[in-house]
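>>> Generate a structure from the sequence data that follows.
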Amino acid sequence: MINDSNKYVRFDWAAKRMLRDKANFGVLEGLISVLLEEKVKITEILESEGNQEDERDKFNRVDIMAKNSKGEIIIVEIQQTREWFYLQRITYGVAKAITEHIFKGDKYNQVKKVYSISIVYFDLGKGNDYVYHGKNELRGIHTGDVLQVSVKEKEAINVVTSDKIFPEYYIIRVNEFNKVATTPLEEWLDYLKNGHIKDDTTAPGLEEAKERLQYMQMSKQEQRAYDSHIDAIMTQNDVLYTYKEEGLMEGRIEGRIEGRIEGRKEGRIEGEKKKAVEIAKKMKKEGMDIETIKKLTDLAEEEIEAI
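Numbers count the residues shown, from 1 in each chain. Predicted structure coming up:
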């Protein structure tokens, strides 16, 4: 239970419940401004599921999709648990965002620049940094220079480089941050990981967060819902850690008994499947929905319902 009157709600909760309110745009603007190193003004929150053409087409479910004052699209996703094809999914999400906001008959100058910001709380690959940035450029393979292209904007012809048009990606690896916060970006990481905001912070967005995201300012009903959210995350992380450790251990034991590479592989698969079923039972008992259980255990809906 949270009792500290100076405690701030987690960013993932705020993103789903609070930051969509125009009065709270300043918090989101601050995070994006720090990352992009330029002043960002959010003008509206966009819907992200409007372009499903048939039942096989995947929805583009993101935590926040916003448009800034330049007409650019900003996607913010918070991911708590491992997803094996996460980079592929955010690539799809960017492509989907572009197509959702250009219509048949529009000229291609209506294609919007997209920034994808992922806040991940799991071990995403190997790397020593806690923030990674990727952008697309067209460079000469012999000269190394960046291609400049002509773009018509309103009535003017402007020359821009390709990175001004192509999407950009930011990956924030929250769990990798282990520093004393001295810069605005580090202060944001401290909040994302530890829920801590300095009393004298001047980091863009965090001053607004101090005012608007305090736990004690929420109603009792909101506090209870938030407490349940935190409990669910703790249970989920504990369950997934157990699933990972026990599944790997069972796989190794059964693999050694077989004494062959194939045996080890089959042992791991069988051990992980058995553990996934056990985890799904616990999740159902905790009241988690079928879609969440599918995502976290890789079991089919029919298998989950049969448990």
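>>> Can you list the low-confidence ranges for the stretch 201-307 of the chain?
In the predicted model of the stretch 201-307 of the chain, residues 233-269, 271 satisfy pLDDT under 70.
>>> quick one, helices of it?
Taking DSSP state H, counting those that start in this stretch, the helices of the stretch 201-307 of the chain run over residues 206-212, 220-258, 261-285, 290-297, 301-306.
>>> Dump stretch 159-167 to CSV, restricted to CA.
This file holds the C-alpha atoms of stretch 159-167, laid out as CSV (Å, rounded to 0.1, in the frame of the first residue of the first chain):
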residue,chain,number,x,y,z
VAL,A,159,15.2,20.8,-49.5
VAL,A,160,15.4,18.3,-46.6
THR,A,161,17.4,15.2,-45.7
SER,A,162,15.7,11.8,-45.6
ASP,A,163,15.8,11.6,-41.8
LYS,A,164,13.4,14.5,-41.7
ILE,A,165,10.8,12.3,-43.4
PHE,A,166,11.5,8.7,-42.3
PRO,A,167,10.5,7.4,-38.9
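>>> what sits up against that stretch?
Applying C-beta atoms under 8 Å, 6 or more residues apart in numbering, the contact partners of stretch 159-167 are 94, 98, 111, 113-116, 135-138, 146-151. C-betas here are computed from N, CA, C, even on glycine.
>>> how about it: buried residues?
For stretch 159-167, the neighbour count (16 or more other C-beta atoms under 10 Å) marks residue 167 as buried.
>>> what does the average pLDDT come to for it?
Stretch 159-167 carries an average pLDDT of 88.
>>> Check the offset of that stretch from the chain's centre.
24 Å (C-alpha atoms, centre = their mean, to the nearest Å).
>>> wait, doesn't residue 152 sit right on residue 108?
No - Residue 152 lies out of contact with residue 108 (C-beta atoms under 8 Å); the separation is 10.4 Å.
>>> Looking at those two now, which is surrounded by more residues?
Each of residue 152 and residue 108 has its neighbours counted (other C-beta atoms under 10 Å); residue 152 has more, 10 against 6.
>>> residues in contact with that one?
109, 158.
>>> Any idea what it is bridged to?
On the basis of DSSP bridges, residue 152 is bridged to residue 157.
>>> quick one: residue 180 and residue 192, what's the gap?
Relative to residue 192, residue 180 is positioned 15 Å away (C-beta to C-beta, to the nearest Å).
>>> same deal with residue 114?
As judged by C-beta to C-beta, residue 114 and residue 192 stand 22 Å apart.
>>> Residue 300 too?
With C-beta to C-beta as the criterion, residue 300 and residue 192 are 34 Å apart.
>>> which of those two has more neighbours?
residue 192 (21 against 10).
>>> helix or strand for the more buried one, which one?
Assigned by DSSP states H and E, residue 192 belongs to helix 184-194.
>>> Quick one: residues in contact with that helix.
8, 11, 30-31, 34-35, 119, 130-131, 172, 174-175, 177, 179-181, 196-198, 201-206, 209.
>>> which among those residues end up buried?
By neighbour count, with 16+ other C-beta under 10 Å, those hold 8, 11, 30-31, 34-35, 119, 130-131, 172, 174, 177, 181, 197, 201, 203-206, 209 as buried.
>>> Inside helices: which ones of the contacts of helix 184-194?
11, 30-31, 34-35, 206, 209 (DSSP state H).
>>> now the helices for the stretch 51-200 of the chain?
86-100, 184-194.
>>> I'd like to know which of those is closest to residue 157.
For the helices of the stretch 51-200 of the chain, the distance to residue 157 is smallest for helix 86-100, at 23.0 Å, taking C-beta to C-beta.
>>> got the CA coordinates for the closest one in CSV?
Listed next in CSV are the C-alpha coordinates belonging to helix 86-100 (Å, rounded to 0.1, in the frame of the first residue of the first chain):
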residue,chain,number,x,y,z
TYR,A,86,9.0,-6.6,-30.0
LEU,A,87,11.1,-4.8,-32.6
GLN,A,88,9.0,-6.3,-35.3
ARG,A,89,5.9,-5.2,-33.6
ILE,A,90,7.0,-1.6,-33.1
THR,A,91,8.0,-1.5,-36.8
TYR,A,92,4.5,-2.7,-37.7
GLY,A,93,3.0,-0.1,-35.4
VAL,A,94,4.9,2.8,-37.1
ALA,A,95,3.8,1.5,-40.6
LYS,A,96,0.2,1.2,-39.4
ALA,A,97,0.2,4.7,-37.9
ILE,A,98,1.4,6.1,-41.2
THR,A,99,-1.3,4.3,-43.2
GLU,A,100,-4.0,5.1,-40.7
